[in-house]
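> Okay, sequence plus prediction incoming.
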Amino acid sequence: MHNQTIVIGAGQAGLAAGYWLQRAKVPFQILEAQPRVGGSWPAYYASLKLFSPARFSSLPGLDFSAPADSYPDRDAVVAYLRHYAEHFKLPIQTNTSIRTIERQQAGFRLLTNDGRVFQAGQIIAATGVFSRPLMPQLPDQGLFQGQILHSASYRTPHDFAGKRVIVVGAGNSAIQIALELAEVANVTLATRQPIRFQAQTIAGRDLHWWWWLTGFDRLALDSRLGRWIQQRTQGIVLDTGLHSRKINQNQPQRRAMFERFTETGIVWAAEQPEPVDVVLFATGYRPALGYLQNLDALDEAGLPLHKAGVSTMVDNLYYVGLEQQYNFASATLRGVGADAARVVRQIQAHAHQPTRCCRWAVWQ
């Protein structure tokens with residue numbers, strides 16, 4: 001069916017896109033590589049909790065069934081996403097991994113890893129930004145004989161009991177993992193910059209409530225105020241007071257980033273060596289969009305060339321769930337629904353415009 005829209009991915013981004021496509025009565029199908037709905041969420045570490053309260057962590061059309069001011073954990077999010085797909089009866093094919101996509105005169109031809117073929121008039125790439133772990137390469141890293149892993153592979157602290165562990169990163173997940181590991185292991189948190197703590201609650205309200213009240217998390221990043229907010233919020237760690245107190249008590253210790261690896265450990269500044277067992281990189285992710293490689297839709301780093309989720313290189317190609325796609329909430333449960341709605345409106349507008357004008361008309 002060349003007139004249908006295919007959504008790639010059945011995580012939070014793909015489900016939000018499916019909701020709005022269904023509301024708009026646009027024929028569509030969602031393809032998911034994993035056996036079940038949920039995107040990257042089932043693979044996260046067991047103790048992960050949302051950094052936003054349940055009242056600000058819902059997809060469009062269905063509230064999170066948890067106390068409004070609670071912070072749902074990983075399993076609760078997975079259950080919510082699966083319930084969401086069932087509630088709206090979204091057309092999802094699981095175990096369907098896209099290998100490559102080819103441009104055709106009437107749309108796109110999608111080839112799966114198991115040889116199946118799908119046709120589409122429009123594509124929404126909704127595989128998000130948490131599929132490809134970003135693993136830095138540091139000097140002499142190949143010499144290290146201990147364990148190196150990314151937080152994507154971390155599940156529970158039990159495997160690290162009694163070990164000397166370095167956690168690299170200064171974001172919410174890095175802090176959460178380091179504090180958890182510090183209960184059973186000798187842990188140091190290594191960061192390039194001091195950690196930027198931000199109080200989770202202000203005047204008795206969660207910070208997300210203030211962002212909702214003021215509209216700050218809905219501002220476009222290409223606006224003057226949006227850019228200012230981005231600069232002020234970049235890299236902040238939300239804290240109830242526990243995180244900063246623990247680190248001030250060296251539970252775990254925080255140090256400036258080490259300089260290089262050795263066979264048995266690392267070297268801190270001033271050539272101070274130390275043997276370590278494990279280095280865990282909590283250094284974020286990048287979009288996994290290799291299936292778009294044949295479309296010339298990506299830059300040299302494999303990142304999508306787009307404006308607010310509309311490809312600037314390929315007609316009828318869209319994105320949902322990218323980090324900072326439209327504003328700083330774009331890759332979150334609370335922000336992805338609005339971005340999906342914008343993209344579906346562009347699909348509808350495109351369907352009624354001559355092809356020659358569509359690359360620029362949507363921005364008038």
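Structure's in. What do you need? Numbering: from 1, shown residues only.
> Which residue ranges of the stretch 1-150 of the chain form strands?
Using DSSP state E, counting those that start in this stretch, the strands of the stretch 1-150 of the chain run over 5-8, 28-31, 92-93, 98-104, 107-112, 117-120, 122-125, 132-133, 147-150.
> Quick one, which of the ones you listed gets closest to residue 244.
strand 147-150 (25.1 Å; C-beta to C-beta). No exception for glycine: its C-beta is placed from N, CA and C like everyone else's.
> partners of that closest one in the sheet?
Here strand 147-150 is paired, per DSSP bridges, with strand 278-281 (parallel).
> so residue 118 makes contact with residue 6?
Yes. In this structure, residue 118 is within contact of residue 6 by C-beta atoms under 8 Å, at 6.0 Å.
> quick one: which of those two has more around it?
A count of neighbours by other C-beta atoms under 10 Å puts residue 6 above the other of residue 118 and residue 6, at 24 against 20.
> Wait, that one touches residue 126, no?
No. The pair residue 6 / residue 126 is not scored as a contact, 10.0 Å apart, by C-beta under 8 Å.
> Point out the other helices and strands that the longest helix along the chain packs with.
Longest helix in the chain by number of residues (criterion: DSSP state H): helix 333-351. Helix 333-351 sits against helix 12-23, strand 122-125, strand 317-319, with contacts defined as 3 or more C-beta pairs under 8 Å, 6 or more residues apart in numbering; DSSP states H and E.
> what about 6 Å?
In terms of contacts (3 or more C-beta pairs under 6 Å, 6 or more residues apart in numbering; DSSP states H and E), helix 333-351 is packed against helix 12-23.
> what comes into contact with the helix it packs on?
7, 28, 30, 59-61, 84-85, 88, 90, 124, 126, 128, 320-321, 333, 336-337, 340-341, 344 (C-beta atoms under 6 Å, 6 or more residues apart in numbering).
> Give me the buried subset of those.
When these are checked for burial by 16 or more other C-beta atoms under 10 Å, the buried set is 7, 28, 30, 59-60, 84-85, 88, 90, 124, 126, 128, 320-321, 333, 336-337, 340-341, 344.
> weakest of the strands of the stretch 1-150 of the chain in terms of mean pLDDT?
Sorting these by mean pLDDT places strand 132-133 lowest, at a mean of 88.
> what residues does it touch?
The contact list for strand 132-133, computed with C-beta under 6 Å, 6+ apart, reads 150, 152, 285, 286, 288.
> The same query, at a cut-off of 10 Å, please.
149-153, 281-290, 302 (C-beta atoms under 10 Å, 6 or more residues apart in numbering).
> circling back to that earlier point, now the strands of the stretch 1-150 of the chain in CSV, with distance to residue 258?
Converted to CSV, these look like this (distance: least, C-beta to C-beta, whole Å):
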stretch, distance to residue 258
strand 5-8, 39
strand 28-31, 42
strand 92-93, 44
strand 98-104, 39
strand 107-112, 43
strand 117-120, 47
strand 122-125, 37
strand 132-133, 20
strand 147-150, 13
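> Produce a ChimeraX select command limited to the buried residues of the contacts of strand 132-133.
Only the buried entries of the contacts of strand 132-133 go into this ChimeraX selection, using 16+ other C-beta under 10 Å:
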select :150,151,152,281,282,283,284,285,287,288,289
